[in-house]
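Engineer: following is a predicted model, sequence given first.
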Amino acid sequence: MNLCAGLLLSGPAALALAGCGADGGGESGAGATTVASGVSEGPTSSGASSGASSGAGETGDTGPAATVTWHQDIAPIVAQKCGGCHVSGGIAPLSLETYAAAFPFAAALLDAVERRTMPPFLADSTDECEPRFGFKNDPRLTDPELELLRGWVEQGAPEGDAKTAAPLPMPPDLELKDADIHLPIPGTVTVKGTEDQYICFSVDPGFAEDAWLDGLQITPGNHKIVHHVLAYVDPDRASEQLMGPDGSYPCFGGPGIDNTSLIGAWAPGALPFVPPDKVAMRVEAGSRIVLNIHYHPTGAEEQDSSTAIHMRRYPSLPEYVGLLALIGNEDDAGGGLLPGPNDPNGVPIFKIPAGAVDHTETMLIDLGSDLPELRVFGSTSHMHYVGTDMLIGVQRKDPEPGVLAEECLLQTPRWDFQWQQIYSYAADLDALPRVNPGDKVFLRCTYNNSMSNPFVVKALSEQGLSEPKDVVLGESTLDEMCLGVFGVAVALKDVI
């Protein structure tokens, strides 16, 4: 199925960078070589690993017994890498803004960083997948920063001298400059109790003509409860039929309607999205915008009445059109689903049996011969609660000399539905991975549909169930997906 081709003519798209405490860094990697072949394993490549570009603080001491302290070494790292969430009034359950606040959690902080559960950044380099480029706004600690944190904890987490504290890094600029379109949610949400809520709001930007956008930002109305936000364009205005008087309607992982395009995303610490130079996104005249908001309760009654999306118009026609192509979710061999474990008589079917652990669904999707050249400037994976790992790559039909025949674009080996974001490559437009007619997209999704998966346990409990059930493709909490999302730029001359 060629979803890209359809989007090129009619769908708008944008990428929003999301992460907790992103620092705006990222480094480009060296060249890569193919290290695996065959569709059963997926396309992989080797190269420089992704990682944050910031350096570690210095203690001023020398030798192996140098003292690592909060004020001189650790506070700048925590402010830069954790400050998007772990602040007073933030979405995180605890603040790490001061020594007194952080000291009781020193060991837990180190454990979370070493296990890579924090900062929440799901993309990673593995033996199977090592993307050629690093990622923009990568909040993960560098090796020197991790060594400092480890040394600090091993030395008993000393405070140091506040009078000679190292300067804290400037917080990232979260404001989209020159935004000229501001759309707040039209109603008020009250969040209480213990259950997460997923609510969609439909808003009208009032575009009488097609709009071109080169910037997008989502601002949460209440940092305590707004966990993440996904923004979709609704060209058919179908959301009008679902919304109530306040513009809202219940939804889960998407907008709950067909023929929509994802245009942005937000998570705590997210920076405004600004596409590569010469790239802008098209929103069709008359379209509505749907904001899918995930609310996470605090235990107390909280309200949100001002979450908003802000957009910036591009002053003219761009040289490149920015698009977001959603590829995957195939349920038969005709669409590219490959035979897998538990398939009856070897006939491909998308079904994750109850109790299955490490179940995989793989897809090899032909993009067709009418595809213009695409420059891939970002990608992300999308599954629900049963998912545990996803690998995304491209297989090229006729690679030019020096171009990889198989290239891994992304792997998220610790998938967590709660921390969805789009991973934008730290590379210039001309250096980005390219996809051409006849190329294929490879997707491999891994699932754990057993009670050993805590997300499955939680989802079952919310449905009043105590045992797993067979899982198929679908939109609801106990359905699944295997979907690759690709931010691409295509020359305007190729689509007009």
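Structural biologist: Structure received. The shown structure was predicted, so the numbers you read here are calculated from the model rather than taken from an experiment.
Engineer: contacts and neighbour counts: CA atoms only from here.
Structural biologist: Will do.
Engineer: what's the top helix by length along the chain packed up against?
Structural biologist: Taking DSSP state H as the criterion, the chain has its longest helix at helix 143-154. If you count contacts as 3 or more CA pairs under 8 Å, 6 or more residues apart in numbering; DSSP states H and E, helix 143-154 packs onto helix 106-114.
Engineer: buried ones in the helix it packs on?
Structural biologist: Judged by neighbour count using 16 or more other CA atoms under 10 Å, the buried positions of helix 106-114 are Ala106, Ala107, Leu109, Leu110, Val113.
Engineer: give me phi/psi at Gln241?
Structural biologist: phi -80, psi -20 (degrees, to the nearest 10).
Engineer: so Arg313 bridges to which residues?
Structural biologist: Taking DSSP bridges as the rule, Arg313 bridges to Leu213.
Engineer: my guess is it meets Asp214, correct?
Structural biologist: Yes: judged on CA atoms under 8 Å, Arg313 makes contact with Asp214 at a distance of 6.2 Å.
Engineer: so between these two, which is more surrounded?
Structural biologist: Shown here are Arg313 and Asp214; by other CA atoms under 10 Å, Asp214 has more neighbours (23 against 18).
Engineer: where in the stretch 251-400 of the chain is pLDDT low?
Structural biologist: Scanning the stretch 251-400 of the chain for pLDDT under 70 picks out the ranges 269.
Engineer: show me where it has its strands.
Structural biologist: 261-266, 279-283, 288-295, 302-304, 308-313, 320-328, 357-366, 374-382, 387-395 (DSSP state E, counting those that start in this stretch).
Engineer: turn those into JSON lines, including distance to Thr98.
Structural biologist: Listed next are the strands of the stretch 251-400 of the chain as JSON lines, based on distance: least, CA to CA, whole Å:
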{"stretch": "strand 261-266", "distance to Thr98": "26"}
{"stretch": "strand 279-283", "distance to Thr98": "41"}
{"stretch": "strand 288-295", "distance to Thr98": "27"}
{"stretch": "strand 302-304", "distance to Thr98": "26"}
{"stretch": "strand 308-313", "distance to Thr98": "30"}
{"stretch": "strand 320-328", "distance to Thr98": "40"}
{"stretch": "strand 357-366", "distance to Thr98": "42"}
{"stretch": "strand 374-382", "distance to Thr98": "34"}
{"stretch": "strand 387-395", "distance to Thr98": "35"}
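Engineer: right, and the ones you listed - which one's nearest Glu209?
Structural biologist: strand 279-283 (8.9 Å; CA to CA).
Engineer: how far does that closest one sit from the chain's center?
Structural biologist: 20 Å (CA atoms, centre = their mean, to the nearest Å).
Engineer: I'd like to know which elements it is packed against.
Structural biologist: strand 211-219, strand 320-328.
Engineer: tilt between the first one and strand 288-295?
Structural biologist: Counting by axes from the mean of the first three to the mean of the last three CA atoms, to 10 degrees, strand 211-219 lies at 20 degrees to strand 288-295.
Engineer: so the next helix or strand after strand 211-219 versus strand 288-295, what angle?
Structural biologist: The first helix or strand that comes after strand 211-219 along the chain, using DSSP states H and E, is strand 226-234. Inter-element angle recorded for strand 226-234 and strand 288-295: 160 degrees (by the same axes, to 10 degrees).
Engineer: give the pairing partners of strand 226-234; include direction for each.
Structural biologist: strand 261-266 (antiparallel), strand 288-295 (antiparallel).
Engineer: for Leu473, which of these is the nearest?
Structural biologist: strand 261-266 (19.0 Å).
Engineer: run a quick neighbour tally on the closest residue to Pro158 other than its chain neighbours.
Structural biologist: Excluding its sequence neighbours, the residue lying closest to Pro158 (CA to CA, 6 or more residues apart in numbering) is Thr69, at 5.1 Å. Counted with other CA under 10 Å, the neighbours of Thr69 add up to 25.
Engineer: can you classify Asp178 by secondary structure?
Structural biologist: coil (DSSP: H, G, I helix; E, B strand; the rest coil).
Engineer: check contacts around it.
Structural biologist: Arg312 (CA atoms under 8 Å, 6 or more residues apart in numbering).
Engineer: cool, and Leu213?
Structural biologist: Counted by CA under 8 Å, 6+ apart, Leu213 has contacts Ala280, Met281, Arg282, Val283, Met311, Arg312, Arg313, Tyr314.
Engineer: and the gap between the fourth one and Gly328?
Structural biologist: To tie it back to what came earlier, the one meant is Val283. 23 Å (CA to CA, to the nearest Å).
Engineer: how about the strands paired with strand 226-234 in JSON lines, adding distance to Cys408 and mean neighbour count?
Structural biologist: Output for these, formatted as JSON lines (distance: least, CA to CA, whole Å; neighbours: other CA atoms under 10 Å):
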{"stretch": "strand 261-266", "distance to Cys408": "23", "mean neighbour count": "27"}
{"stretch": "strand 288-295", "distance to Cys408": "30", "mean neighbour count": "26"}
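Engineer: out of these, nearest to Leu410?
Structural biologist: strand 261-266 (18.0 Å).
Engineer: relative to strand 320-328, how tilted is that closest one?
Structural biologist: Using the same axes, to 10 degrees: strand 261-266 against strand 320-328 is 90 degrees.
Engineer: could you give the angle of strand 261-266 to strand 279-283?
Structural biologist: 120 degrees.
Engineer: so how far is strand 261-266 off the chain centroid?
Structural biologist: That offset, for strand 261-266, works out to 10 Å (CA atoms, centre = their mean).
Engineer: and the angle for it with strand 308-313?
Structural biologist: Using the same axes, to 10 degrees: strand 261-266 against strand 308-313 is 120 degrees.
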